[in-house]
Every structure is written in structure tokens, then in C-alpha cells.
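> Return atomic coordinates for the entry below.
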Amino acid sequence: MGLKVLFTNTSSLIKYGISSGFKNLGHEVHIMDGKYQLWDKDKETQVELFKDYIENNHVDIVFSECFANFAEGIFEHTREKGIFHALWSIEDTPFDHWIGDYWSDYADYIFTTTAECLPNYWNKGKQAEMMLFGCNPDFHKNTDSGVQRDIVLIANNYERRFEQTRKFIMPVVKNGYDVSVFGNEWWMDSNREVNLLSYPSVYRGYGAYEDLPYLYSSSKIILGQNLDDKSITQTSMRPAESLAVGGGILISPFTPAQQYLFHDHVYLPRNTDEMLLMVNEVLGMTDIQREQKATKAQKYVYKYHNYDLRAEQVINAYRGHRP
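Presented below is the predicted three-dimensional model:
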């Protein structure tokens, strides 16, 4: 018999990602959206909405991928009601994991994308395991829209990525390649020391998550960015998602995690010269060569990094949980 799983956040990662795995496994999925949306409310209102939902609906598992202003009272209420509450700590990094560390005090079970953070949770007496990002083959797939640009980057211009952007992204832009950058308006912010103000035609606006499969399908190269270059497992959402689309070839600044998880399915330059060499190599491929490489990568992530596998981890944790 299927379980009822309630997601407290409405992020794309939930809507188009991991919730699909539970559905595919025959479980009932509910997302706190519409009048029950939490992320734009104050903490007191969040708790009221959550209590109202729980009062009127049977729930077996509550799954939280926390946002900045998330209410502690939601975890406290599930504890009172004896409802299994799992936390997916997606922003853990080896030396900066205070977000997950804080919320782990409240959750029944912690999933982290970062293997190096597990001992911290275990030492606190918490049940925790690693759970990586993945893909949803029903969403992350080739749209067969044909190649319309050479290079695409979908990323926000975070300050923590400035050095990476300087070394790997700006040289591609400055060399005059056909580049389209999608992300928030920080790319055109004069107060940010790294920006695209000198290359206004490169910036193409925000880029809705719903457009991601089309943008990755219709580009020869997908540029990647990551916040952490030390972990053996932590990446952004993008590597698995971009490879799953099976369109463009992913070129992303080297990290141990990408090498460990995706092997030769992704190009991993270590410096500016390697970046430009790899861009030229991929642009020099025939359409058939690119398609063969992209399809091979797609099959790999569909098999080893799909959200059915991730949902199965959560179900197994629920069934084996000891209060």
C-alpha cells in the first residue's frame, strides 16, 4: 500500500525532481502549494498552515528541503504527532555546513549531499545518510528542438563563484563565442565586481526552470558552476540534470565530486587554458559525435542518478527508523 508523502517546500527540485520518484514508486505526493505555500510567510503563519494541513490530511512522511525563513515549529509539530520528518540538507559543504547542522537538531532523519558532513550528524546521535541530486527522465529529457546556440550557462551570479567565473566563464565570453547566460539580474549589477555589463547581448534574462530541458537540448555546450571544490560528493543540481537532457556537452570547472560521480561524461577543465581548449574541442565535433557522447551520458545518469532511487532511500529510512 502506498504511503502519503508531504513536501513542505515548492522548489523546482521538489516539483520536477524528487517528488516524481515517489509517484513512480506508487506513493501519494502532496506539496504545500497554493493557499498552503510556506516559503513566503512568517514563521507563525507557516506553523498555522502546517497544523491545519496535518489536521485535515493523513500524512506518513514529511519531507523538508529547508529555505531561509523555515519555521522550527513545523518540525516540533511532526514530533508531537509522531510523523516521520526527513530533512534533505542540500547546501552542506565540508567546511561550511551550519545550515544542515542547525536543522538536524529538529529532524528525525537527515539526508545530505555531502559525505564529509555525515560524521557531524552521527556524532550528534542523529540518523543520517548521503543522498545525491538526481534527474527525472520524464522532465529532464531532450526536446529535439535542434541546435540554436553554441554555449549556454544557467546560473546565478553568486559572490562565492566570482573567482570561478573570472577563470572559466568570462574568458569564454571575452573570446567572442556564441554564449547565452541565464540567471538572476546580478549578472548585470554594477555593484558586483564580476558582471556582464560590458557584454549585454550575452545576458538573456532569468531563465525559468521549466525552460531548462529546451535550453540544454538546443545548445552544443552547457557550462557548469559549483560552489564547492573540496567534497568528494557535493555538486550543484546541474550536472545530473544537464547530462540527463542528452543535448549539450557539459563543461564544468574541475571538482573531485564531478570526477567521482560522472567520470568521462563531463569535461572538467582545471584552468583557463584547459577551458578554452575543451570548448574548442566540443565545438569542433560533428553533430553525430556530440549526440553519441550526450546520449551515453544521458543513459548513465538515467541509470545511476534518477529520483526513483532517491525516493527509495527515503522510504527505506522511514521503514527502518527508530524513534
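> where along the stretch 51-200 of the chain do the strands fall?
Assigned by DSSP state E, counting those that start in this stretch, the stretch 51-200 of the chain shows strands spanning 61-64, 84-89, 109-112, 127-130, 149-154, 179-182.
> Okay, the residue most central in space within the chain and residue 135: tell me how far apart.
Most central in the chain under C-alpha atoms, centre = their mean is residue 237, positioned 2.4 Å from the mean C-alpha point. Residue 237 sits 9 Å away from residue 135 when distances are taken as C-beta to C-beta, to the nearest Å. No exception for glycine: its C-beta is placed from N, CA and C like everyone else's.
> what does residue 13 give?
Taken as C-beta to C-beta, the span from residue 13 to residue 135 is 11 Å.
> which of the residues in stretch 75-89 are buried?
Buried residues in stretch 75-89, defined by neighbour count with 16 or more other C-beta atoms under 10 Å: 75, 77-78, 83-89.
> can you tell me which residues contact residue 84?
Residue 84 is in contact with 60-62, 78, 108-109, 318, 321, counting by C-beta atoms under 8 Å, 6 or more residues apart in numbering.
> can you pick the most crowded of the residues you listed?
residue 62 (27 neighbours; other C-beta atoms under 10 Å).
> Run through the helices of the stretch 51-200 of the chain in chain order.
Along the stretch 51-200 of the chain, counting by DSSP state H, counting those that start in this stretch, helices occupy 72-81, 98-104, 118-123, 162-164, 170-174.
> where among those is the average confidence lowest?
In terms of average pLDDT, helix 98-104 trails the rest of the helices of the stretch 51-200 of the chain, at a mean of 88.
> Which residues outside that helix are in contact with it?
Against helix 98-104 from outside (C-beta under 8 Å, 6+ apart): 64, 66, 70, 75, 87, 89, 91-92, 110, 112, 117, 120-121, 124, 126, 128.
> Identify the residue nearest residue 206 in space, chain neighbours excluded?
residue 184 (6.2 Å; C-beta to C-beta, 6 or more residues apart in numbering).
> picking up where we left off before, of the helices of the stretch 51-200 of the chain, which is nearest residue 307?
For the helices of the stretch 51-200 of the chain, the distance to residue 307 is smallest for helix 98-104, at 20.1 Å, taking C-beta to C-beta.
> For that closest one, list every residue counted as buried.
Buried residues in helix 98-104, counting neighbours by 16+ other C-beta under 10 Å, are found at 100-101, 103-104.
> Would you mind finding the longest helix in this structure?
helix 287-304 (DSSP state H).
> Distance from that helix to the middle of the chain?
Per C-alpha atoms, centre = their mean, to the nearest Å, the displacement of helix 287-304 from the mean C-alpha position of its chain is 20 Å.
> switch to numbering from 391
Yep, numbering from 391; the last one is helix 677-694 now.
> Tell me the helices and strands packed up against it.
Helices and strands touching helix 677-694, by 3 or more C-beta pairs under 8 Å, 6 or more residues apart in numbering; DSSP states H and E, are helix 628-635, strand 639-641, helix 646-652.
> Next, the angle from whichever helix or strand comes after it to helix 677-694.
Scanning forward in sequence from helix 677-694 by DSSP states H and E, the next helix or strand is helix 697-710. Computed by axes from the mean of the first three to the mean of the last three C-alpha atoms, to 10 degrees, the angle separating helix 697-710 from helix 677-694 equals 10 degrees.
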